[in-house]
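Trainee: Only the shape, not the letters, is given here:
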């Protein structure tokens, strides 16, 4: 079953998605994997630092719910960028996930 969630806002520089809505969708739909996509109206599909940070955050959320982030795609007027095909996503999945986060917290005394 394929489910699509759409988030949009009128901001030119970023799109925000409600984390609680995404977590709720994970609980209801129980996906094994997800693909996220957004557009860059500026015409260049290269990811920004904000795109990278959002991908890291989204991957942590996915890993918390046992969901694989399969790709983050950026679409521009005549260009497309894929975190998966550029191997950037593999780096993010390996380094920024709930297991690594919990491992780093283990060393902090509470």
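Mentor: Right, received. Where do you want to start? Every value quoted in this text rests on a predicted model; they were computed, and no experiment measured them. Numbers count the residues shown, from 1 in each chain.

Trainee: what comes up buried for the longest helix anywhere in the chain?
Mentor: Ranked by residue count and defined by DSSP state H, the top helix of the chain is helix 49-64. Under the neighbour-count criterion of 16 or more other Cβ atoms under 10 Å, helix 49-64 has 51, 54, 55, 56, 58, 59, 60, 61, 62, 63 buried. For the C-beta atoms, the positions are set from N, CA and C on the backbone; glycine is no exception.

Trainee: Name the nearest of those residues relative to residue 83.
Mentor: Nearest to residue 83 out of those is residue 55 (Cβ to Cβ; 6.1 Å).

Trainee: what's the closest non-adjacent residue to the closest one?
Mentor: residue 72 (4.9 Å; Cβ to Cβ, 6 or more residues apart in numbering).

Trainee: Buried residues of the strand or helix carrying the one you found, list them for me.
Mentor: If you go by DSSP states H and E, residue 72 is part of strand 68-76. Neighbour counts using 16+ other Cβ under 10 Å place 69, 70, 72, 73, 74 of strand 68-76 among the buried residues.

Trainee: Surely residue 37 is within a strand?
Mentor: Yes: assessed by DSSP: H, G, I helix; E, B strand; the rest coil, residue 37 belongs to a strand.

Trainee: how close does the residue nearest to it when sequence neighbours are not counted get to residue 105?
Mentor: Nearest residue to residue 37, sequence neighbours excluded (Cβ to Cβ, 6+ apart): residue 73, at 4.2 Å. Relative to residue 105, residue 73 is positioned 31 Å away (Cβ to Cβ, to the nearest Å).

Trainee: before we move on, what about residue 82?
Mentor: Taken as Cβ to Cβ, the span from residue 82 to residue 105 is 31 Å.
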